[in-house]
Each structure stands twice: as structure tokens, then as C-alpha cells.
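Colleague: here is my input, please return the structure:
(2 chains)
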Amino acid sequence: MKKNVIEVKNLEKYFEVSSGFFSRKKTTVKAVDDITFEIPFGESLGLVGQSGCGKTTTARALCLLDPKTGGEVNFYNNDVSSMQSIDELEGEELKKFRRNIQMIFQDPYESLNPRWTIKDIILEPLNIHNIGDLDEREEAVSEILQTVGLTPPENYMPRYPHELSGGQRQRVSIARTLIMKPKFVVCDEPTSMLDVSIRISIMDLMLNLAKDLEVSYLYITHDLAVARYMCNRIAVMFNGKIVEIAETEELLSNPVHPYTKRLISSIPVPDPSYDRKVYDVNFDELDSLIEKHGSDKPMIDIGNEHFIATHDVKGLI
Amino acid sequence: MSKDVLVVKDLNMHYETLSGDVSAVKNVSFTVKEGESFGLVGESGCGKTSVAMSLLQLQADNAKISSGSIKLDGLEMVGMSESELREVRWDGISIVFQGAMNAWNPVIKVGEQIREAIREHYPDNTKVENTEKIASLFKMVGLDSSIMDRFPHELSGGMKQRAVIALALSCDPKLVIADEPTTALDVVIQDQILKEIKKVQELLGLSLIYISHDIAVIAEMTDKMAVMYAGSIVEKGPTSEIFANPQHSYTQSLLASTPSVVGDKVKLNSLEGEPPSLINQIDGCSFAPRCPNRTTTCHPELDMELVEVGPEHFVDICSANRN
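Modeller: Next up is the predicted model:
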């Protein structure tokens, strides 16, 4: 039996939107609606889907950056060796939880403070959590810089973000994240802004670190080719719901849900002789079908730990 | 045998900056035939967009074309006056810019912005004719004709990009340059836009220059391609030939670092290091410092030349390895 680092049950994040300046009527936008998944230690889950489907909202709710409006999130607590709901966390425990869960953002050009040196940026989490004395903190910064491949560290510590390239900046982001020795890292499209050749080296770095430091990732991307490289399992999201979840290779070779098929068939193939056939599906129709049938039924297992949402998709296949 | 629409020969362009000249385009030569699509691929900063901007001569003020020729339908464009260029732009060559979000004026309706371009080039058209033309352009790129009365902020990213394509087609150009038209979009929308471009190109018999850093998109969109590195073309030829038989180490590295969803999962190879700064004069092989395949027969200090290694397939090789 695998130990899970995080378990998410029926997660909901609704936003109330007023329909006009003078109107009191409120409408609800279901940004994340009834999402369930778990991630075992050392494994990574890919969350893929179109822009606006709720990937980032899910991530923010998990990290307690935005409060969720419903459902349960349980995190493995090392002290009591069991799962603990994040709703119960308070004071010191909450601080500890925040150490264990970290985020890497999409844009390395905007997520680093331009007026701080690299050393200050990486040092900040240690200062906030009051870990070690000054010398120990500096030692830790130099160590983590080496781990992410920015060597020699003393060359990088006094520099500012604008002196670094995109790839180097993203390495700094990773260093800042990993200095807290988290167990779980949410990565929000960390490589989409980078060039192809640099992208692979960042992904390889993250994979190696996952192995060495036993970190689990929730990897958010719209590119299934990238998710395939990074993740053990992939969850496909559509309009705030997970419609299919399976082992990476199983999902790619045997997609069931029409949206998954569409997504996979939309990705350009780096081979001119390959004749890519797009699986066509009407998104509006799909949406109304999910709305009508899918809502509160659990996902069904079709074997090989491959789950699909249970709304009636036959009309579309 | 279809005729050549665009012939670029030994084009050199540099930016004059305070710290010295930056040679962004070095000895670039290529030909685009009628109805053909030509791909330019490479990392950011390798000069792809500089080439595109030189073709339209829309470069920044500090950019200078120092030598070379750009011939559109036999007409020399280097050295043209601004008023002559105005005739050629949009009529002869048009461009689909990189960020659809930023290509529109936010306070003018989308249709009016297209009308402006048409009015400039066809002053005799009546207003009704122009409206009909815009409606038919919108239909061609899969937009409803009512969109022309909308402001840019009312449209989604994909719709804006479609409208930019309609704008590029508004004066019946012979050649369209598409500069990373789908980079800001997600995969499903990207797929729709690519299909739209392909459809329009076949319908109108356009020539297309497709610029992208994504080699998978280039594979699907183009007949011929060129790989750029540090301002020069390091390999060019038919797309299928380059993918099947890449000769330059940089092309091989690019191909080896592109993930795919089809076929077996393969270990991808990263390319270490960074592209060189173009402010320094680079003699010989610009890729040598990052090259994973350097051998004892390599002489990166020697002069480089594009050598034909297969039918229409050219590779940048140093003089020591030429035979």
C-alpha cells in the first residue's frame, strides 16, 4: 500500500460574481467543482487542460493561498504519522504545513523580486520560518544553489535577477522552493516560458530532485507532451471537473473521454510524416452533457486504475 | 515549376547599440516559392524575428541592413524609399504578429482597423465593398461577421488571433509572414489556428513564412525549413529531409529535446549552455562551445559555409570537414 502525501476529496472552489453594478443578484462560478485525487510519496501527478479550466485555482486552494469553499484536503503529518485535514491546522502547525508545501510559478521574470539579490531571495523563507542562525542559513543557500546547478554559488549570490537568463531564474525559483525541504511542490507551468533546449534541463533537474529529496509534484501544464515526460499519473480537467485520470502511458495509449481524445490529438507531432487526425468534439455540447449527467456521481474504474467521469458521453463518441 | 516569390540573398542586419554593433542576421539566404510554406526555427534571440522585420523593413531605428538583397517578385526591396515600401507592405508581404493581444489598438473596433488597411491600398473602394470584404475575410478565418463591430477586449485570445490573420489577408498579399502566431495560446486553440492558416493558404495559394521555436509545429506546417542559430542559418532544406536526416549538431539537439505524445517514451537530451552574445564578432563555428558532438576533426575557428549534402539540403560546415 502506497503512502499518500496529499489526498483531495470533492474539492470545491466557487466564486460569487455579482451580475451587474446595481444588481444584487449573485451568480456562482464553479471554478473547481468536485475534484478528487491523491498523490503518493515521491510520485507526481500532472494536471492538464485548457486555459481557464481551473488548474491554477486548484493549486492555489491546495496551498491555502485561496480558501476552498468545500471538500476536504488531507496532508500527511510526519509528527503523528497520519493524514490530517488542512482545515484543522492552526498556529505552529499551520506554519509547519506551509514549510512542507511549496509552489513554483510560471513566469521566472515576474516571480522574483527585481531589487533583491539571489541570496536574499533564497534566504527569505529561512528568515520567515526562523530556521538556523545566520551562518547556517548562508551555508544552506550555497548548498541549494549547487543542488540546482548554479555553480559556483558565490558567483550567483550577489547577483540580481535581471542578470540571469530565463533558465537560470527558474533554477533560482526551484532553489527557493526546495530550501524548505518540502514534501510536496505545486508547479504551475514552470517550463512554458522557457526555450525548448533549456526546458529539458529544467525538467531533468526537477525529476532528479524528486528522486533524491523524495518530493512529490502536482505538475500543471496544458502540454501533454511535457506532462508525459514529468508525471507518473495524469488528470485531465475540463471546466472545473476532472474528467479522466490514469497512469500516464495508459492515458495516452487508451484515452476514453472525448475531451481527453481531443486534447491528445491537438498536440503537434515533431515528425513531418506523421498524419495527425484531430478528434473533433463540440465543447458546448460536452459541457451541457457534463452539467446534466455528471454532477454528483463518483468516477468509475475501467481497469488499470483508469478512472473516467460517469456522465453519458456515448452521444459524443 | 512554380516561380520564386521571395529571394533573400546574403542578408546582413545589425543593431547599433551604445556598447557596439549586434549582428542579428548574418549572411541569410533563402527562397520561397509560390504556394510554399517555409519555416524558420531556433531559440529565442537567434534572429528569427529580426529576419521577419528586415523583410518588411519594419525594424527599429537602430537596425541597419548592411548588405544583401531581398527580392519580392523580382523587385529589389533593400534601399526602397518609405513611400515605395508602403506600397509593398500588406499588398506584397503582410505579417501576423507574435502577440495577438498586443497587435490591436484597444480603442478602435476590430473591423475599423482592418478597414483602415484596405482603404490605404484600395482608395477607390466604396464603404459597402469594404464591409463585404471584411465580412468575407472573417468568414474565411472562422469568425462571425458581427465580430467586426466589437472592440479587441471583447474577444478571446483565439478570436483576436483569427482577426489578426484576417487583417494580414486584407490586401491580398502574395506572402504572409506568421511570427509565432500561436505561442500565447493553449494547445486546442493552437490546433484550430494552425488548421485555419493551412486552409487559407491552400485556398488562396499563398506563400507562407512560418516562424516558431516549436519544432513540432514547424514539422506540421512547412514544406521547407531553415534552422537558425546565433543569427545565421545552420541548416536548411525540405522539412521531411531535415527531420529524417538532420546533419547539423544543433538541429540534432533540437530534435532530441522535443517531447512527443506519440511513439515510445524516450529519454530526452538537454542542450547545455546558452546561445552566444551577438555583440562579439563570432568567427567560425558559433555552435562549437555548446556542441555535444565535437571531435578532433572539428576546427571551429575555421570559416563556415553552407554546403549541399543532399537534394536542396544545405548544412553549415567548417572548411576542414567539407569533404
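
Colleague: got a pLDDT number for the spatially most central residue of chain B?
Modeller: By CA atoms, centre = their mean, chain B has its centre lying nearest to residue B:211, at 3.2 Å. We have a pLDDT of 93 for residue B:211.

Colleague: for it, list each beta-bridge partner.
Modeller: Here residue B:211 sits in beta bridges with residue B:40, residue B:179, as judged by DSSP bridges.

Colleague: tell me the spacing between it and residue B:305.
Modeller: 24 Å (CB to CB, to the nearest Å). Where C-beta positions appear, they are placed from N, C-alpha and C, glycine not excepted.

Colleague: likewise for residue B:83?
Modeller: In this view, residue B:83 and residue B:305 are 38 Å apart by CB to CB.

Colleague: the more surrounded of the two?
Modeller: More crowded of residue B:83 and residue B:305, by other CB atoms under 10 Å in any protein chain shown: residue B:305, with 13 against 7.

Colleague: now do the SS call for that one.
Modeller: On the three-state scheme (DSSP: H, G, I helix; E, B strand; the rest coil), residue B:305 is labelled strand.

Colleague: is it true that it touches residue B:319?
Modeller: Yes: when contacts are counted by CB atoms under 8 Å, residue B:305 is listed as touching residue B:319 (7.0 Å).

Colleague: just name the shakiest helix or strand of chain B by mean pLDDT.
Modeller: helix B:100-103 (a mean of 74; mean pLDDT, DSSP states H and E).

Colleague: what's the following helix or strand after it?
Modeller: Sequence order places helix B:110-121 as the next helix or strand after helix B:100-103, per DSSP states H and E.

Colleague: can you list the helices and strands that the helix or strand following that following helix packs against?
Modeller: Using DSSP H and E, the next helix or strand after helix B:110-121 towards the C-terminus is helix B:127-140. If contacts are counted by 3 or more CB pairs under 8 Å, 6 or more residues apart in numbering or on different chains; DSSP states H and E, helix B:127-140 sits against helix B:110-121, helix B:157-169.

Colleague: tell me the most buried of the ones you listed?
Modeller: With neighbours taken as mean count of other CB atoms under 10 Å in any protein chain shown, the helices and strands packed on helix B:127-140 reach their highest mean count in helix B:157-169, at a mean of 24.

Colleague: how far out from the middle of the chain is that helix?
Modeller: 17 Å (CA atoms, centre = their mean, to the nearest Å).

Colleague: what angle separates it from helix B:110-121?
Modeller: 10 degrees (axes from the mean of the first three to the mean of the last three CA atoms, to 10 degrees).

Colleague: counting by contacts, list what helix B:157-169 packs against.
Modeller: strand B:93-96, helix B:100-103, helix B:110-121, helix B:127-140, helix B:187-204.

Colleague: can you do 10 Å?
Modeller: Packing contacts for helix B:157-169, counted by 3 or more CB pairs under 10 Å, 6 or more residues apart in numbering or on different chains; DSSP states H and E, involve strand B:93-96, helix B:100-103, helix B:110-121, helix B:127-140, strand B:175-179, helix B:187-204.

Colleague: low-confidence ranges, the stretch 51-200 of chain B, go.
Modeller: For the stretch 51-200 of chain B, applying pLDDT under 70 flags the ranges B:100-101.

Colleague: can you list the residues of it near chain A?
Modeller: Proximity of the stretch 51-200 of chain B to chain A, by CB under 10 Å from any CB of the partner chain, involves residues B:156-158, B:182-192, B:194-195.
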